[in-house]
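# Structure, please.
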Amino acid sequence: MNRRYLALPVTALLAAVAGLAFQRVFGLGPVLPVAGVAAVVPTVLSAALSGPRNKGVRPLWISLVLTVAAWSGTVAVTVLRPTLADGTFPAALREGLLGSWKSILTTLLPAPARPELLVLVHVLVWLAAFASAELALRTGLRAAPGLPPLAVFGVALLLGVDGPGSTLPLAAGTVVLLVVLVALRADQGWRPLALGLPVAAALGTMAWLAAPLVPVSAEPYNPREQVQAPPPQRRDSVSPLDRVGGWLLSPDQVMFTARGGNAGEWRLVALARFDGVTWTSTARFAPTGRSVPEDGTVVERRDLDQTITVGDLPGVWLPAADRPRQIDGVTVVVDPASGVAAAAQPLRRGQTYRVRSRVPRWNADDLAAASLATDPEARAATELPWGPGATREPVQVAEFRRFAERATEGAASPFQQAARLAMHLRRYARYSVTAPPGHGYRQLDYFLGEGRAGTPEHFATAYAVLARTLGLPTRIRVGFRGGLPADGGVRVRSGDVMVWPEVKFEEIGWVPFNPTPDRAGKTRRNDAVASGETRELEEAQKNAASAKRGNGPGATDQVPPPAPKRTAADEPLPWWVYAAAAGGLPAAGYVLAVLAAPALRRRRRRSGTPAQRVAGAWHQALDHLADVGLTTARTLTAHEVAGFGARHLGEAARRHLQPLADLVNRTRFGAGEPDPRAADRAWEHSDEVGRLVTAKAGRARRLGRRLHPRSLRRGAP
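Numbers count the residues shown, from 1 in each chain. Below is the predicted model:
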C-alpha cells in the first residue's frame, strides 16, 4: 500500500502536464493555475478516502460522489468565481460543460481565457487526476494510472493543433513520468526504481532531441475542419462604403490617431459580394484572443507595430495597416480569410488598442509574372449577378465588357491588364466629392457614360465590375490613406477615406490598385506619411500600364512564367538522415527480434496438450536457470536440475523445481496422460522459478542476456 501512495505524486504530475498541454489553446498563464488545482485536489481527496475499511479499501462509489461535490465547489471558487458576483454562474457552468469544446473549435487560437472555456480544462484534468489516483490505489497494473492523463493530453493536442507554441517539452516530460510511474509500481524492491530513473531521463532527453528531426509529411488532423463555421453576418448597420460620401463632405473629423511605424494606409473592411446593387462582406467572423492567422501567401512582409486611439470613427470596424497579426486592448472577432477585424462592441471615443501588422514588400518582377488565382474565393470574386429580381443580364454588363477590353487592349499579362485598367480610369474621369453616391449597375453606367466624375466609391466599384467582365477576381476595400503628422503620430481624418479595388493573384494574394485620380488642390502634406511599400507598388503598376502596347494578341512581349518556387517539402533530406536510418533500422529490428522471441516462445510452450504444456513449463524453467549459470541441462536429470536450482537460488527454488521435476518425469515415463490441472501447476512452479531468478540475477542482467544473439537460438519447445 505504501508504494501505491508513493505513486500518487507522479499521477498528479501527469494530470497537471496533460492540462498544461492546453497552453496552445489559451496560453500558459491562464492554464497553469487551473491545471495545478485540478490535478492536486482530487489526488489528495482519493488518498484521504482510500483508508482501510475492514480488509479492503472503501467502495468506489463513495469517492465518486465526494469528488463530484468537491469539483463543484472548487470550480465555483476558482475558475467561475467572477460569475458568482453577476449571477451568471449557472449559465457559465452549463456552457463550460456542454458547449465550451465547440466554442474553442470555432475560435481563432489562442482563445480568450474566459471562465466558461477554462471549465473544460478544469473538468478534464480533474477527471484524469481522480481516475489515475484510483487506479494507482486499487489496481496492480503498473502503467494503467498513466492512461487517463494520456487521453487528456490527446484532447489538448486536438483542440490546440493550430495554436502557437509547442507541446514537445510536455511530451518529453510525460515520457519521463510514465517510466518513473512504472518503475515505482514494480514489486521487486527499490532496484527497478534506481534503474528506472536514469532510463526515464534518457528517454525524455531522446524524445526532446529526436522529435524535431522526425520527417513528417502529412498534415495533422484538425477537428476545426469538421465544425460548421458561423454564417456571414453584418457586423454594422451601415456599411463603411455607404459612409464615404458623407465623410468626404465633412473632411476634418478626426477618425483616429496612429502612433508607431509608418503605415500610409489603414484598412477597415473588405467587400467581395456584389449583387448588382450593393457590395457586402462575405466574412465569417470567429472570436479570437488576440491573434489573426496568416493568409498563406509567399509575399515578403515586415512587422509594423502601432497604437491606435479612436476618435470620431463610428461602427465596429478596427482600422489596421494591411493584414493584422495580433490585436491587444479590445475584444475582437476576426475573419480568417480576409484578416478583417471588428470589435465585439461599438467603438468609443478615446478607446485605445495595439495592433501588429504584417505589411507586404511588393516585388515588381513577381507581380509582372503572376497568374490569376483560381481558388473558390477567386472564382466567387468574378461573379456578376444580374441584380435582385432580374430575369436577364443587364445591358450595362455588355457595355462594361467592351469598355474594359478597350482599356486593356494589348496587355501581355493579368497584372498588366489590371494596371492598365486602373490607369485608364484615372485618366478617364475626374475626382468630385459632390457626385451622387451609389454603385449599382445604373449608377456606374451614369458615372462612366455621362457624369465622368465621382468619389473613390465610384472609381473603385467601377474598376471592380469592369475587371470582373475580363475574368479578374476583384473585391473592394474601404479604409484610409494619408493623414497628417501630429503629436508624434499620424492624425487620420474623415477626408482621408479611400476606397480601392484589389485583384487576387496566385501565391501573391490580394494586390491593391488605385484607379482614383488625385483630388484637385491636394498638397504634399496629405502624402507626408505615405509608406515606401505603397509608392513601390504604384510605381510597379505605372510601369506595367505604360509598357509597350501590342497590335493584337501575340504582338506584345510576353512575360515569362515564374519559375517554380522550391518549398521545404521539395528539399532533399540531409545525408545524415539516411545514414541514421541505415544504421538505426537494422539495430531496431534486432532489438525487436530478441525482445519478441522469448515472448513468442513462451506463448508456444503454453499451448497444446497437457503433456506438451508440462514439457513447455520445464523448458521455460531451464531458460530461467540459464540466467544463473545452468549450461549443461541436456546431460542432467530433472532432479539434478532441481539440485542446481537449490544451490544457486536457495531452498525456495527446490520447493518449485522438485514438484516440477516430478511432473516432467511422470509425463515422460508414465503410462497415463496428465490432466490440465497438472499442466497449470507446472506453469505455476515455472513462473515462481522465474521470479526467484529475477530477484537473484537482477532485471538488468537478464535484459542483457536477452539481448545476446544466443537468445535467438533457444529453440526448445
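
# Please name the residues that touch residue 269.
With contacts defined as C-beta atoms under 8 Å, 6 or more residues apart in numbering, residue 269 is in contact with 239, 240, 241, 281, 317, 340, 477, 478, 479. C-betas here are computed from N, CA, C, even on glycine.

# How confident was the prediction at the first one?
It stands for residue 239. Per-residue confidence for residue 239 comes out at a pLDDT of 85.

# What about the contacts of residue 269, which are in helices?
Within these, residues falling in helices by DSSP state H are 240, 241.

# Serialize the contacts of residue 269 to CSV and add fields for distance to residue 388 and neighbour count.
Below are the contacts of residue 269 laid out as CSV (distance: C-beta to C-beta, whole Å; neighbours: other C-beta atoms under 10 Å):
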residue, distance to residue 388, neighbour count
239, 17, 19
240, 22, 22
241, 18, 25
281, 18, 26
317, 25, 22
340, 25, 25
477, 24, 23
478, 22, 24
479, 28, 23
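
# can the contacts of residue 269 go into TSV with extra columns for distance to residue 32?
What follows is those, written out as TSV (distance: C-beta to C-beta, whole Å):
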residue	distance to residue 32
239	43
240	41
241	45
281	38
317	35
340	33
477	41
478	42
479	40
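
# Closest one of the contacts of residue 269 to residue 18?
Using C-beta to C-beta, residue 340 comes nearest to residue 18 of these, at 36.1 Å.

# any idea how far residue 422 is from that closest one?
23 Å (C-beta to C-beta, to the nearest Å).

# of all the contacts of residue 269, which comes closest to residue 8?
Among the contacts of residue 269, and counting by C-beta to C-beta, the member closest to residue 8 is residue 340, at 50.6 Å.

# and the gap between that closest one and residue 164?
Distance from residue 340 to residue 164, by C-beta to C-beta: 21 Å.

# Quick one: neighbours of the nearest residue to residue 417 once chain neighbours are set aside, just the number.
Nearest residue to residue 417, sequence neighbours excluded (C-beta to C-beta, 6 or more residues apart in numbering): residue 411, at 3.8 Å. Around residue 411 there are 22 other residues, counting by other C-beta atoms under 10 Å.

# Is it correct that residue 411 is in contact with residue 420?
Yes. If you go by C-beta atoms under 8 Å, residue 411 and residue 420 touch, sitting 5.5 Å apart.

# which stretches of the stretch 151-300 of the chain aren't confidently modelled?
187-201, 203-204, 206-219, 228-237 (pLDDT under 70).

# need the contact list for the residue most central in space within the chain.
Centroid-nearest residue in the chain: residue 162, 1.7 Å away (criterion: C-alpha atoms, centre = their mean). Counting by C-beta under 8 Å, 6+ apart, residue 162 makes contact with 109, 222, 224, 293.

# same deal with residue 657?
621, 641, 642, 645, 646, 685, 689.

# repeat that with 10 Å
618, 621, 625, 638-639, 641-646, 649, 685-686, 688-689, 692 (C-beta atoms under 10 Å, 6 or more residues apart in numbering).

# any idea which helix or strand carries residue 503?
Under the criterion of DSSP states H and E, residue 503 resides in strand 497-505.

# Show the average pLDDT along that strand.
95.

# CA atoms only for it, dumped as PDB, please.
Extracted C-alpha coordinates of strand 497-505, given in PDB (Å, rounded to 0.1, in the frame of the first residue of the first chain):
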ATOM      1  CA  VAL A 497     -11.100  58.000 -46.500                       C
ATOM      2  CA  MET A 498     -10.200  55.900 -49.500                       C
ATOM      3  CA  VAL A 499     -11.900  53.000 -51.400                       C
ATOM      4  CA  TRP A 500      -9.700  50.800 -53.600                       C
ATOM      5  CA  PRO A 501     -10.100  47.600 -55.500                       C
ATOM      6  CA  GLU A 502      -7.900  44.500 -55.100                       C
ATOM      7  CA  VAL A 503      -7.200  41.700 -57.600                       C
ATOM      8  CA  LYS A 504      -6.200  38.200 -56.400                       C
ATOM      9  CA  PHE A 505      -3.100  36.500 -57.900                       C
END
